[in-house]
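A.B. asks: dropping a prediction and its sequence here:
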Amino acid sequence: MSDIDRKLVTVEQIKEILPHTNADKLEIARVRGWNVVVGKGEFKPNNLVVFFEIDSFLPIEPRYEFLRKNCYRSNAYMGEGFKIKTIKLRGEVSQGLILPLSEFPEFGYSDMSEVIQYRYCLDKEGNYVIITEGTDLTDILNVRKWELPIGGGGACLKGNALGLFPSFIPKTDEERIQNIPQRILDIYKNDAFEVSIKMDGTSFTAYRKDDHIGVCSRNLEIKDEDDNIYWKVAREHGIIAALEELGLNIAFQGELCGPGIQYNRAKLTDHDIFIFNIYDIDERRYYNSYQRYTLIDDKLNKSGKNISHIKVEEFLNDFPNVEGLSKYCNNIKFNGQKIEGVVFKSCDNPSFSFKFINPSYLLENDE
């Protein structure tokens, strides 16, 4: 699921209530795989609630005014609103916001029922939507994903658009492990997983289809112009030459990082593209880890290219639980810096992958 399709606000059922380790008046509510610190006694297991994920940007409304002190944000790009971010309350990490359904009388709820009831509301098009567990309320509640202009630190990443991102290539982005049901994870529990570092940059795709070579940002295909950084770095590192020489209908996908991009938190001195996917356009499949490594390292780079593969930390036959992943990430450094997180990609089924974003990284960067 891409961030564009991300369900930022949903109706969820509280799975369990855990004690807070350092506060008598607080508890931890578990929603899907997320831990949210709440007031003691405010919620019970099985309560249906409205859950806002981190990165949600809530509109200015009276029911959200209690967030103003810590969450109010305003800039020319996003306007005014309240940003939900990772916080720490009395030593416990809290990710997200839970509100009772009673705060949303437009949905027809008047209490905190533990029974899944069916209610209706109107979406923006005036269509009736059933309100029950799992209902996506993002658009209905006018919530947007918080983001800053793509440079986030100085680099000019704008380019003249040639068109929209090609429909025949999947966009880059893995779902967070907290949002994947356990029944899905169990399907892949016996797979070997490639564990790579999650770089904090901007999405990059370069592809060849028939006689056309294109370069894309997350949402657009970009014209080939002298001052465009996507094309410039792709040429410098041999990605464009590789597409020309291979003559295959494939796409290289990775993260463009470096000075002026997302504040360059990895402290890179030059721009680079870290490739993590190769997609076969004709066969509609991803290369597996071995195929990707073989093509980049054994063929392309030995012929004079300078293509950077994403840094792979190790291969595992299983993966740690969510709680263990925080410690796992804290033990890894890239260029001497704390990493944003890690990506787990199945070696047997490369279309299945997920990411874990390190809460301590989010806390340090006010995200």
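C.D. replies: Everything's here; your move.
A.B. asks: would you mind checking the average pLDDT for stretch 307-319?
C.D. replies: Averaging pLDDT along stretch 307-319 gives 91.
A.B. asks: got the buried residues for that stretch?
C.D. replies: Within stretch 307-319, the residues scored as buried using 16 or more other CB atoms under 10 Å are I307, S308, H309, I310, E313, F319. For glycine as for every other residue, the C-beta is placed from the backbone atoms N, C-alpha and C.
A.B. asks: tell me the one of the residues you listed nearest R90?
C.D. replies: Taking CB to CB as the measure, R90 sits nearest to F319 out of the buried residues of stretch 307-319, at 29.3 Å.
A.B. asks: which residues touch that closest one?
C.D. replies: Listed by CB atoms under 8 Å, 6 or more residues apart in numbering, the contact set of F319 reads F193, V195, L325, F344.
A.B. asks: output those in TSV, with distance to F51, neighbour count and pLDDT appended to each entry.
C.D. replies: Below are the contacts of F319 laid out as TSV (distance: CB to CB, whole Å; neighbours: other CB atoms under 10 Å; pLDDT from 0 to 100):
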residue	distance to F51	neighbour count	pLDDT
F193	28	22	94
V195	28	18	95
L325	21	21	90
F344	24	23	94
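A.B. asks: biggest separation within the residues you listed, which pair?
C.D. replies: Farthest apart among the contacts of F319 - using CB to CB - are F193 and L325, which lie 12.3 Å from each other.
A.B. asks: so what's Y293 closest to, chain neighbours aside?
C.D. replies: Nearest residue to Y293 in three dimensions, chain neighbours excluded: H309, at 6.9 Å (CB to CB, 6 or more residues apart in numbering).
A.B. asks: N317 now?
C.D. replies: For N317, ignoring the flanking residues on the chain, the nearest one in space by CB to CB, 6+ apart is A192 at 5.5 Å.
A.B. asks: unless I'm mixing things up, that neighbour is touching K345, no?
C.D. replies: No: contact criterion CB atoms under 8 Å: A192 and K345 do not qualify, at 10.0 Å.
A.B. asks: of the two, who's got more company?
C.D. replies: Neighbour count, other CB atoms under 10 Å: between A192 and K345, K345 has more, with 26 against 14.
A.B. asks: and the nearest residue to H20 once chain neighbours are set aside, how many neighbours does it have?
C.D. replies: What sits nearest to H20 in space, not counting adjacent residues and going by CB to CB, 6+ apart, is L26, at 4.1 Å. By the measure other CB under 10 Å, the count of residues near L26 is 18.
A.B. asks: closest to L97 among the buried residues of stretch 307-319?
C.D. replies: Looking across the buried residues of stretch 307-319 and measuring by CB to CB, the closest to L97 is F319, at 27.3 Å.
A.B. asks: look up how far F82 lies from K69.
C.D. replies: Shown here: K69 relative to F82, a distance of 10 Å by CB to CB, to the nearest Å.
A.B. asks: among those two, which residue is more densely surrounded?
C.D. replies: Between K69 and F82, F82 has the larger neighbour count (other CB under 10 Å), namely 24 against 7.
A.B. asks: surely that one touches Y72?
C.D. replies: Yes: using CB under 8 Å, F82 makes contact with Y72 at a distance of 6.0 Å.
A.B. asks: strands of the stretch 101-250 of the chain, residue ranges please.
C.D. replies: Ranges of strands within the stretch 101-250 of the chain are 119-122, 128-131, 144-145, 161-164, 175-176, 193-198, 202-209, 212-216, 220-222, 250-257, based on DSSP state E, counting those that start in this stretch.
A.B. asks: packed most tightly, which of the ones you listed would that be?
C.D. replies: Of all those, strand 250-257 carries the top mean neighbour count, a mean of 24, counting by mean count of other CB atoms under 10 Å.
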